[in-house]
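Trainee: pasting the sequence and the predicted coordinates here, then a few questions.
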There are 2 protein chains.
Amino acid sequence: MTQTLDPPTTASPQARTDAWLASFEEALRACDVRRAAGHFATESWWRDLVSFTWNITTVEGPAGVADLLGETLERVDPSGFATEEPPDEADGVITAWFTFETGVGRGRGLVRLVEEEGETKAWTFLTTLFELTGHEEPRGTHRPMGAQHGADKHRTTWLEKQQEEAASLGSTTQPEVLVIGGGQGGIALGARLRQLGVPSLVIDKHARPGDQWRSRYKSLCLHDPVWYDHLPYLKFPDNWPVFAPKDKVGDWLEFYTRVMEVPYWSSTVATSASWSEETQEWTVEVEREGQALTLRPKQLVLATGMSGKPLTPVLPGQDVFRGDQHHSSAHPGPDAYAGKRCVVVGSNNSAFDICGALWENDADVTMVQRSSTHIVKSDSLMDLGLGDLYSERALAAGVTTEKADLIFASLPYRILHTFQIPAYEAMAERDKDFYERLEASGFQHDWGDDGSGLFMKYLRRGSGYYIDVGAAELVADGEVKLAHGQVDHLTEDAVVLADGTELPADLVVYATGYGSMNGWAADLISQEVADRVGKVWGLGSDTTKDPGPWEGEQRNMWKPTQQEALWFHGGNLHQSRHYSLYLALQLKARSVGIDTPVYGRQEVHHLS
Amino acid sequence: MTQTLDPPTTASPQARTDAWLASFEEALRACDVRRAAGHFATESWWRDLVSFTWNITTVEGPAGVADLLGETLERVDPSGFATEEPPDEADGVITAWFTFETGVGRGRGLVRLVEEEGETKAWTFLTTLFELTGHEEPRGTHRPMGAQHGADKHRTTWLEKQQEEAASLGSTTQPEVLVIGGGQGGIALGARLRQLGVPSLVIDKHARPGDQWRSRYKSLCLHDPVWYDHLPYLKFPDNWPVFAPKDKVGDWLEFYTRVMEVPYWSSTVATSASWSEETQEWTVEVEREGQALTLRPKQLVLATGMSGKPLTPVLPGQDVFRGDQHHSSAHPGPDAYAGKRCVVVGSNNSAFDICGALWENDADVTMVQRSSTHIVKSDSLMDLGLGDLYSERALAAGVTTEKADLIFASLPYRILHTFQIPAYEAMAERDKDFYERLEASGFQHDWGDDGSGLFMKYLRRGSGYYIDVGAAELVADGEVKLAHGQVDHLTEDAVVLADGTELPADLVVYATGYGSMNGWAADLISQEVADRVGKVWGLGSDTTKDPGPWEGEQRNMWKPTQQEALWFHGGNLHQSRHYSLYLALQLKARSVGIDTPVYGRQEVHHLS
């Protein structure tokens, strides 16, 4: 079959896309790496989620494409590239959804085609694996029957099977995958592994699934809206609140865990873990409801929160301070602090939420700002930041959650900030009055190092921002007092700043953030393994708290690390939903013995 | 505006539908009842679900339409009839979805148009109310915000509101609607009332929502498939089994109750109820976890099961029989009966299920068939009986659950059997071998009085059939023994039939069916009220166990009865889902003082 690489650009978007896909596939089939790479524009990105690379990785330009294909093409056996629906064209860019197959699975992708020197070339190219051939999930037309029709003297009921499985797990049977941490991340992954038939176990220290949310301060609601927050398989119903209250989220997670039949041990902590090269398995010591036992999984997933371990400053005078002091993650809520003098060190999300709740409970509240913070109004963020992808408006336009996830994933991290900057410029304009009042109050505000706003800060450093649901107005209005600078020391009844300012205090909350997730590995496994894995999260953007070199992807998240069989999972509900698929497919492939050579395994540049 | 009633039949289905709707609406607007009725074919049906009639009712032919409109048109103020999507035409029938408005709400309908003497006329016309104007449900674009943005010193959290509401309900606040029975019916209705903001309470005798299912015999699975079984608002996920095991259904119902925030009291029984004309409220004595208290709802819904109260025959010798004997509804499952001689009296669903489970548990089982039973193979029923409306195939063809419910509702009960007969003829052909073997075993099999099969039997009498998931094969194969005739008496250790046959027995199960639901009203309220309400269920089809005269709708279900403020709700999951909407809208209208004159309130022809 001969395909024309260059149909006239007057051809329809469908014809141009078909021609590009066919020509690209032909080059792949011929194992002609150079020719295949020639299908990409000079400035271009190929992001692959597990389908070609058994990794989450982005390569840049024809040279990057050639490198990726040079190492992977022979075994991947890609074929069947075809559009799923008619491509769109706007501003000289054709956007096309397509499906394809590899030797082991089925994929879906999104390509943006541009014209370069008269030829149609890929500008961005996303490839994702969504199922392994022969290991399709039992869903829809392949859902389980449930009832075993017929008469059978040795029938085991669903309940009996559940009970038998629960009784044997951890004693006579071992989970292949142990997921430590049963918040939304662990549960979403657990549900996917259950669907894929990978024997797994999720453990969590809390008494019930959902307690991760229930145990937090009482006025907490999700800062992300419902359309962004769905878990896999079971969407929130359309009467679900835009910003769900924490206890309702807790109930949903508990419900979801049971309905999805996720094997889940509550009141369970892992105390140590070690990997044996010899047996190729982990030895994990856990305490389940106080009883010690040993698990021997083949794969270990840390889903203990992208925030990592709490960072609490060590300060002179903490031993003499007579009031309460604790890290924000241990803050019990405002109930005990009505009328008390409260100093909250920090000015990010947690600091604002806690200041707001304390103020609402009639405390005297001072926020200590140590460095500038980025603030956006929740309404504006929802509308200008997320509305095209995650909203009723998006749904009405045919942008399902699944499509939104892939559209978002298709924007290369290298240039993502350029898409973000205009949205934040629009927010600055829309909420001009607010920012003027905020700055007049003395608050130090920024828009990120390059003006790209909240989501880039989230991806780069996971901190440095607040989505204003009300508390920023308290600062702007002076209802919550503001102080600046580093804390120098504490006295018996005050926080003293570097400039000598003394803030009388009955309570000090250290809203001072979290370390890298590999801190969990240091505690659980060893410092050696934590160092081998290196820093988790961040893009290597060479911006504040995200040192270079450029990584191209979030460090160590949902993909192979430098420690065999150790994985990190987490992030917000959106990431937990979407990336749990790729992590689950990687684990499934290993479980059934599919060869999974990793292309472009991340090097380690930073220890934490 | 002048509309042509009769465009040439060569006009498109869209044009013909538009013309019919416009002309019909014009006649309505002119309050010209006779002209409006002239839009209906000689043989035609208008089925209205609450939108015109504040009733669930069907009228027949132009005369019936004229009667309905004569009594309702003046206050209904219908307008805005417009197609929702392009109509279909097949076999000379145009099928069109449309929306419309009334003075108080918004409706959706389905009309089938035919040509009669050169004019386009309605053959079937379904009108349904889906929301009350000004009382729209908070869903989708109108979903609640959840978080209360801003800072508020008197903020009450979601959890606190839930707790306060739970604490006050039944003491300082009264439910406007009390729903007795918290199975799928009560829960579905409770969810709808919650959504509509009607203060309600669902009470149930079991310890937890879902126990209605959990407490049944262990091998039970739903006999209806997943696509038919969704509850309102939250569909089962696509990994849900086709025929869900009972404990999984129980878990779903429990969490659904929580997620939908249905006010629900477990371990609660109603001991008596009486209606006061004077105060226009019920006095209902209940025992909640053993504590007596009085509730004073304005509306009382009995959702205690469409099966009504168990009917157990009174037989000589029951007092001397030394084994176990109980009604099928009290059967504890087979565990205690391995190796025992079990006699199951009856040959419908419960009898087969129990015989099958006993046989699986190595009991010696005899079924006593008293009259003929209709049996269909589950697979054939799913494919030929439900597949066009409720299946993956239907979904792929665009028939959503919501559309399927309305399509099904649009088929007039008067002629529904004519649609059913061909499907059952096809089943008879497909499963010919099975029926031959079954009859060779001596089993008396029928297809309903008019050959219309299972669903008509369900609607007419709610009994007389078995969906074979295996146990019928045991009878056909002789693994479960078969006896015939009425039971004459019991001895110490046997069941003796009218013909003298003696069946040695350690266990007798009376799978002898249930009475009419108004029996619940007799127990709870009074025999007088039960008699005033009359028989519940059935169509008046003048077939076995469904005496005439013709009623046109199911007696007393989901609609006003002869007892003010007393309602019956129930049925299978499909009916609980769909008809709970119309019952909830009727209750909401009464709650907010909308005038609800009932057209065609059912007369009572039978007491039970």
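Mentor: That came through, no problem.
Trainee: just the closest residue of the stretch 201-350 of chain A to chain B, please.
Mentor: For the stretch 201-350 of chain A and chain B, the shortest gap (CB to the nearest CB) falls at A:Pro241, measuring 2.7 Å. Placement of C-beta: from N, CA and C, glycine included.
Trainee: what is the neighbour count of that residue?
Mentor: 20 (other CB atoms under 10 Å in any protein chain shown).
Trainee: that one against B:Gln148, yeah?
Mentor: No. Using CB atoms under 8 Å, A:Pro241 is not in contact with B:Gln148; the gap is 10.4 Å.
Trainee: end-to-end on stretch A:271-291?
Mentor: Counting by CA to CA, to the nearest Å, you get 12 Å between the two ends of stretch A:271-291.
Trainee: within the helices and strands, which one has A:Glu429?
Mentor: According to DSSP states H and E, A:Glu429 maps onto helix A:413-430.
Trainee: what comes up buried for that helix?
Mentor: A:413-414, A:416-417, A:420-421, A:423-424, A:427-428, A:430 (16 or more other CB atoms under 10 Å in any protein chain shown).
Trainee: so can I have a markdown table of those residues showing distance to B:Leu315?
Mentor: Shown next, in a markdown table, are the buried residues of helix A:413-430 (distance: CB to CB, whole Å):
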| residue | distance to B:Leu315 |
| --- | --- |
| A:Tyr413 | 79 |
| A:Arg414 | 84 |
| A:Leu416 | 79 |
| A:His417 | 83 |
| A:Gln420 | 80 |
| A:Ile421 | 85 |
| A:Ala423 | 79 |
| A:Tyr424 | 82 |
| A:Met427 | 80 |
| A:Ala428 | 85 |
| A:Arg430 | 80 |
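Trainee: what does the stretch 401-550 of chain A put close to chain B?
Mentor: Residues of the stretch 401-550 of chain A found near chain B (CB under 8 Å from any CB of the partner chain) are A:469-471, A:473-474, A:479.
Trainee: ok, now which ones touch A:Val33?
Mentor: A:66, A:69-70, A:73 (CB atoms under 8 Å, 6 or more residues apart in numbering or on different chains).
Trainee: so A:Asn518 makes contact with A:Arg532?
Mentor: No. Taking contacts as CB under 8 Å, A:Asn518 lies outside contact range of A:Arg532: 9.0 Å.
Trainee: higher neighbour count, the two?
Mentor: Counted by other CB under 10 Å, A:Asn518 and A:Arg532 do not tie: A:Asn518 has more neighbours, with 32 against 17.
Trainee: in space, what's closest to the more buried one - neighbours in sequence excluded?
Mentor: Distance criterion CB to CB, 6 or more residues apart in numbering or on different chains; nearest residue to A:Asn518, sequence neighbours excluded, is A:Ala530 at 4.4 Å.
Trainee: for burial, what's the neighbour tally of the one you found?
Mentor: A:Ala530: 24 surrounding residues under other CB under 10 Å.
Trainee: what's the helix or strand encompassing it packed up against?
Mentor: Using DSSP H and E, A:Ala530 maps to helix A:527-533. If you count contacts as 3 or more CB pairs under 8 Å, 6 or more residues apart in numbering or on different chains; DSSP states H and E, helix A:527-533 packs onto helix A:518-524.
Trainee: name the helices or strands packed onto the helix it packs on?
Mentor: strand A:268-276, strand A:299-302, helix A:527-533.
Trainee: please dump these into JSON lines; it should also carry mean pLDDT for every row.
Mentor: Output for the helices and strands packed on helix A:518-524, formatted as JSON lines (pLDDT from 0 to 100):
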{"stretch": "strand A:268-276", "mean pLDDT": "98"}
{"stretch": "strand A:299-302", "mean pLDDT": "98"}
{"stretch": "helix A:527-533", "mean pLDDT": "97"}
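Trainee: okay, these, which one's buried deepest?
Mentor: strand A:299-302 (a mean of 26; mean count of other CB atoms under 10 Å in any protein chain shown).
Trainee: just the strands in the stretch 1-150 of chain A please.
Mentor: A:40-49, A:56-60, A:79-83, A:88-90, A:93-101, A:105-116, A:119-132 (DSSP state E, counting those that start in this stretch).
Trainee: and the closest residue to A:Gly552 other than its chain neighbours, what are its bridge partners?
Mentor: Among residues not flanking A:Gly552 along the chain, A:Thr58 sits closest, at 4.3 Å (CB to CB, 6+ apart). Beta-bridge pairing for A:Thr58 (DSSP bridges): A:Arg47.
Trainee: dump the residue contacts of the nearest residue to A:Glu551 once chain neighbours are set aside.
Mentor: Leaving aside its chain neighbours, A:Glu551 sits nearest to A:Gly540 (3.8 Å; criterion: CB to CB, 6+ apart). By CB under 8 Å, 6+ apart, A:Gly540 lies in contact with A:546-552, A:555, A:605.
Trainee: with pLDDT, secondary structure and neighbour count added, can I get those residues in TSV?
Mentor: Listed next are those as TSV, based on pLDDT from 0 to 100; DSSP: H, G, I helix; E, B strand; the rest coil; neighbours: other CB atoms under 10 Å in any protein chain shown:
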residue	pLDDT	secondary structure	neighbour count
A:Asp546	97	strand	23
A:Pro547	97	coil	14
A:Gly548	96	coil	13
A:Pro549	97	coil	11
A:Trp550	97	coil	12
A:Glu551	95	coil	21
A:Gly552	94	coil	21
A:Arg555	97	coil	25
A:His605	97	coil	13
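Trainee: what is the nearest of those to B:Gly451?
Mentor: Distance ranking of those against B:Gly451, using CB to CB, places A:Gly552 first at 68.9 Å.
Trainee: just list the residues touching that closest one, thanks.
Mentor: Counted by CB under 8 Å, 6+ apart, A:Gly552 has contacts A:57-60, A:413-414, A:539-540.
Trainee: can you check A:Gly356 too?
Mentor: Residues counted as contacts of A:Gly356 (CB under 8 Å, 6+ apart) are A:219, A:469-471, A:474, A:480, B:151.
Trainee: ok, of those, which one's closest to B:Val399?
Mentor: Among these, A:Val469 lies closest to B:Val399 (CB to CB), at 41.6 Å.
Trainee: the closest one against B:Ala147, yeah?
Mentor: Yes. With contact defined as CB under 8 Å, A:Val469 reaches B:Ala147; the gap is 5.8 Å.
Trainee: looking at the two, which one has more neighbours?
Mentor: A:Val469 (25 against 22).
Trainee: and the closest residue to the more buried one other than its chain neighbours, how many residues sit next to it?
Mentor: Using CB to CB, 6+ apart and skipping the chain neighbours, the partner closest in space to A:Val469 is B:His149 (4.5 Å). Using other CB under 10 Å, B:His149 is surrounded by 17 other residues.
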